[in-house]
Structure formats: structure tokens, C-alpha cells
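>>> No sequence on hand, only this structure:
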């Protein structure tokens, strides 16, 4: 069992620096009609290995782990508190079948909690589970050596079945795909406490499935990324010498939230005016008809490989002359790059990444247009397995922390064809209504500058049982409501955003909007897998672009 040894006894003191670009390291690129300036984020970061070693040297932690076999499963950056970076280190103690959640700032351990929570397995833990399976099960070992089975990461990644004492023994699931029909498709569990391999009567855990019929693209079983402490870059997008867009991009592996949140944007400005403090996807889940599998809560930090050729500007960021090719275009689960691909078309500037969650493959994109329109897009696919042969429903929830021009002066309104615009002055949820041409507007109450949220044609309408709602208007409570607090391996799988509805004021204040899209996936149908709203700029007065004749053709009608 892999055990991290402690070799140092102190931690760096690193005071948080509000995110700013390092202009001394700016790189300049030309893409279509744009000039792109890219700079690294200067916020200080702590090495994950350094953090782990420092935590393990803490006397209190050493006392908890004395004489135990354990593994550090993950490290995570927490929202800033009291001016210091905050971190969460998750360790599993296999000897005592207990999880340790260790909070630390950059100079000391602040809290150690023993819990029965089952954290996400890491790549190293999955490899350890496979090693135990090969050691303890002769049939699996023989098939593996003879290459009559392929190993894959299934859903769910953990078996949460309780044993006789009512507890859950740490059990990592492993998918075994038959290569020639000589063996059956199967998902087994590996008990990390006892080392025993569990063969399920139905061939898979209760919320999964493994039979002869499989659907999806061949699984390339390529390596994916871990969560990481940093991975942010500043982008300035210019045309004809004028800065149209500026924002910070964080790659999925470093994105915020318990389950991460994909390609994350911060400090988005258009024509020098603030639009968004943060935009990301902290909640993603899937529900099967008749619970044929799942339901599952997915994660968005595990970057998968896709094809993106170009210039590497930083780890996980590549500038492409041509649009990248994801699994949906290539129909191949292969690639040469993991992270965020940046490219431009004749009409927009875009970011793309592909992520893995078990057998699911998710593609996340952001498109920025010269007229101020932002198009967040999300797409769905899967590699071969038995579950996705059944009709299922993906639900993706964007979190938009709007700061239109100035924070604290934003107002939400709803448009309906019969009644026109109506202000939303307290927290509430809403559903889409295409008959009413329903859309929503977030405006600055002093200047009138605004963005309209226009539902996408494939975004669906939420069912009340699992999808819950299409839109939440919430007072901005910052770091305490950056996701819904539910890990993929614990608690309910449906979005838990209604708990934030407590009647707080949303009139001319800081507001956050959650927007949900709902996609029904039937592999027997050929349909557009893309969902996502349009964020449309309106009444953006005084923009300098309006005085530049060379740029008017790009923004005609959008700047008033």
C-alpha cells in the first residue's frame, strides 16, 4: 500500500494575492481576426506534494495515522478565508476504514475530521485496487495476462453497499470488458480493507450494469489528469488594437467546487466593462429511465485526451490554428492533448476541453463573439458500456456570478410574451416556456447595461422529480454557495440548489444565476448533443469600440 512519508515539519506562509496577470510573461498570438495576449496568473500556489508531506508531519495527523495503512487521495483548494489560501487534504485510513478530512491554511493544519464519507478514488487508488484484484483472483489475473479482458473505470466508481455493522467498507469498482467473448462483461468490487474481490450476482453493483450488449465508442483507456493546485491563465482578446474581451481561464483539473466545474471563467469583461465574476459548471448528473442504472453525480476535473494541434503556451493550454477534434467529431476516444484548447473561427473566439467521468465523456466550450455574445456549450457522449444502451437524461447546471459593470447594482427580470418584462426581487426558481418566449435579463440598475439569458433550442425543461428547475435567482453569498455541497459518492444525486432559497433580496444587489439544461440521450437516435444558453449583450453604452470604424462591421447592432 502506498504510504506517504513525512519529511518536513513546516509549511510556507503564502498570503493570498488577488488574481492578476503577470504582464512580464505575456505571450502574443494572432488568430483569424484577433490578437491574443496570454499571461499567467500570479496568485501564489502550493505544490501538492509539499502540502501532503507538510500535513502528514503534523503531530495531530501523525497520531491519527499511527500504525495505519493509508493513502492521500486528493488535495483541493478551498475558498479563501481570512486572507490565507485554504486547502483540504483527503486521506483514507484502510486499517481503520475511516476517512480523514484535513483542513490547512498555508502555515498550519487547522482541523482534522474523522468521517465515514467515501471520497472519490484517485488514479493511484484505482491502480492499487487493480493490483489487489490481480493478486487475489486467479481468473481475473489469467484473463488479464492473456489479454482477453480490458480494464476500465466504471460508474459508480465506488460500491456504497453497507456491510453487517451498517458501515461501508471502502470498495473500488473495476470494469472488465470481454475482448473475445470467452469471458463475460463484468464490474467487480475490490474491498480495499480486506483485499477481497466481490463478484456481484447480476454481474455489476446494484446501480450499474454489465451484460453482453454494450453501446458507445471503444474505450482507449488513456491516462487522465488529477486535480491540481493551479492552472489559470489570463486572456486579452483584441481586434484592430482594441481589447474586446478579457478574462481568466482555469483548466478543469484546477477548477473550483467539490466535484470541480470544468473550464472555469473569472473576471470576464467586455469592452472594458465587467460582465461576470465567475462562470462554471459545479453540478452535473444523470438519471436513467426506470433507474436502469444510477442515478449518478458526475465530476469535471478529470481531463481526457482529444486532438488539438498547436502551440503550447502553458501546461494544459494550447493555441490552435484549426478547431480541435473531440470524441464527438472523431468518434475516437483518443487524443494528443489534455486541457484547454484555444482557437478562433471567422465569427468567434473559443475554448474547448474534454472530460471523463467513469464511462461518460463530456465536452465543454465557451464561445465569445465580437458583439458581446457569450455561448457556453456542453456536449455528451460515452465509451462502451451496458448502461448507456438505456435511455437516460443528463442535467448540466451552469453557475453565472454576474457583475454587470459594478457589483451590488444588478437586477434580474423575466420576459414573457403576454406580459413583457417583470423584475424578480426575491430569490426564486423558474422554468423555461418556449410558448411565452421566456428569457431573462440581468442589468445594471444605474446604467442599464445588461445581458439577456436566452435558452438554447436543445436545453429542455426540467422535471420536478430530478431536474428540479431551469433557473435559480439567488442573492450572492459567495464561497458558501459555490456548489450544492454534494459529493458524487455521497448524498442525493439530484441538484440541491433549492436549499439556498430563503427569500433573500435580489433587487439591485449582488446576484447569482444558476441555469440548467436537460438532454435526453437515446443511442438509437441521431440528434444534436449540444446544449447551452446564449448570453446576449445589450445596451452596452459608451464602449470605445463604437468609435472605431474598422470594428463596426463586427459589432453592428449590438453596441447602442
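Looks like it arrived, so ask away. The model shown is predicted, which means the values in this text are computed figures rather than measured ones. Numbering: from 1, shown residues only.
>>> residues near residue 67, how many?
Residues within reach of residue 67, counting by other Cβ atoms under 10 Å, total 6. C-betas here are computed from N, CA, C, even on glycine.
>>> same deal with residue 338?
For residue 338, the number of neighbouring residues by other Cβ under 10 Å comes to 25.
>>> before we move on, what about residue 144?
Residue 144: 17 neighbours (other Cβ under 10 Å).
>>> host element of it?
Using DSSP states H and E, the element containing residue 144 is helix 138-145.
>>> do the same with residue 221
Assessed by DSSP H and E, residue 221 sits outside every helix and strand.
>>> Please state the backbone phi and psi of it?
Here is the backbone geometry of residue 221 (degrees, to the nearest 10): phi 50, psi 40.
>>> what are the bridge partners for the residue nearest to it when sequence neighbours are not counted, then?
Nearest non-adjacent residue to residue 221, counting by Cβ to Cβ, 6 or more residues apart in numbering: residue 152, 6.1 Å away. Judged by DSSP bridges, the bridge partners of residue 152 are residue 175.
>>> what's the neighbour count on residue 152?
Residues within reach of residue 152, counting by other Cβ under 10 Å, total 18.
>>> Can you tell me which helices and strands the biggest helix by length in the chain packs against?
The longest helix of the chain (DSSP state H) is helix 123-136. Using 3 or more Cβ pairs under 8 Å, 6 or more residues apart in numbering; DSSP states H and E, the elements in contact with helix 123-136 are strand 70-81, helix 138-145, strand 171-178, strand 186-191, strand 197-198.
>>> mind listing what the shortest one pairs with, with the direction of each?
I take that to be strand 197-198. strand 186-191 (antiparallel).
>>> can you list the residues that contact the helix or strand where residue 319 lies?
Per DSSP H and E: residue 319 is located in strand 317-320. By Cβ atoms under 8 Å, 6 or more residues apart in numbering, the surrounding residues in contact with strand 317-320 are 29, 31, 36, 38, 233, 249, 251, 308-313, 337, 339-343.
>>> Show me what secondary structure element comes after that strand.
Next along the chain after strand 317-320, taking DSSP H and E as the criterion, comes helix 327-330.
>>> follow-up on the earlier one: mind listing what the strand holding residue 319 pairs with, with the direction of each?
Partners of strand 317-320, by DSSP bridges, with direction: strand 310-314 (antiparallel), strand 340-344 (parallel).
>>> Helices of the protein, residue ranges please.
48-57, 59-65, 123-136, 138-145, 327-330, 552-555.
>>> I figured residue 284 was touching residue 398, is that so?
No - using Cβ atoms under 8 Å as the test, residue 284 is too far from residue 398 to be in contact (10.1 Å).
>>> Could you check which of these two is surrounded by more residues?
Neighbours per residue (other Cβ under 10 Å) separate residue 284 from residue 398, with residue 284 holding more: 27 against 22.
>>> Mind listing the residues bridging to the more buried one?
residue 396.
>>> again, but for residue 341
residue 318, residue 352.
>>> what does the model give the nearest residue to residue 224 once chain neighbours are set aside for pLDDT?
The shortest distance from residue 224 to any non-neighbouring residue, by Cβ to Cβ, 6+ apart, is to residue 302 (4.5 Å). pLDDT, the model's per-residue confidence, is 95 for residue 302.
>>> And the helices and strands packed on helix 123-136: which comes nearest residue 417?
strand 70-81 (40.3 Å; Cβ to Cβ).
>>> What is that closest one packed up against?
helix 48-57, strand 84-93, strand 98-105, helix 123-136.
>>> let's go with 7 Å and repeat that
Strand 70-81 sits against helix 48-57, strand 84-93, helix 123-136, with contacts defined as 3 or more Cβ pairs under 7 Å, 6 or more residues apart in numbering; DSSP states H and E.
>>> And for stretch 416-430, what's in contact with it?
Outside stretch 416-430, the residues within contact range by Cβ atoms under 7 Å, 6 or more residues apart in numbering are 411-415, 436-438, 441, 469-475, 501-507.
>>> Can you flag the buried ones in those residues?
Neighbour-count burial (16 or more other Cβ atoms under 10 Å) is assigned, among the contacts of stretch 416-430, to 411-415, 438, 441, 469-475, 501, 506.
>>> nearest to residue 394, of those residues?
For the buried ones among the contacts of stretch 416-430, the nearest to residue 394 is residue 470 (14.3 Å; Cβ to Cβ).
>>> returning to that earlier point: residue 49 is nearest to which of the strands paired with strand 317-320?
Closest among the strands paired with strand 317-320, using Cβ to Cβ: strand 310-314, at 19.9 Å.
>>> Strands of the stretch 251-400 of the chain, residue ranges please.
Using DSSP state E, counting those that start in this stretch, the strands found in the stretch 251-400 of the chain span residues 264-270, 273-288, 296-297, 310-314, 317-320, 340-344, 349-357, 360-368, 374-382, 392-402.
>>> quick one: contacts for the closest residue to residue 95 other than its chain neighbours?
Nearest non-adjacent residue to residue 95, counting by Cβ to Cβ, 6+ apart: residue 68, 4.0 Å away. Counting by Cβ under 7 Å, 6+ apart, residue 68 touches 93, 95-96.
>>> ok, of those residues, which one's closest to residue 445?
residue 93 (52.8 Å).
>>> Bridge partners for the closest one, pull those for me.
residue 70, residue 98.
>>> Could you pull up the residues touching it?
65, 68, 70, 100.
>>> Repeat the analysis, applying 10 Å as the threshold.
Residue 93 sits next to 64-65, 68-71, 99-100, 114, 170, 193 when contact means Cβ atoms under 10 Å, 6 or more residues apart in numbering.
>>> filter the residues you listed to the buried ones?
Buried among the contacts of residue 93 by 16+ other Cβ under 10 Å: 64-65, 68, 70-71, 99-100, 170, 193.
>>> Those residues into TSV, with extra columns for distance to residue 528 and pLDDT?
Shown next, in TSV, are the buried ones among the contacts of residue 93 (distance: Cβ to Cβ, whole Å; pLDDT from 0 to 100):
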residue	distance to residue 528	pLDDT
64	51	93
65	51	95
68	51	95
70	47	96
71	42	96
99	41	95
100	45	96
170	40	96
193	46	95
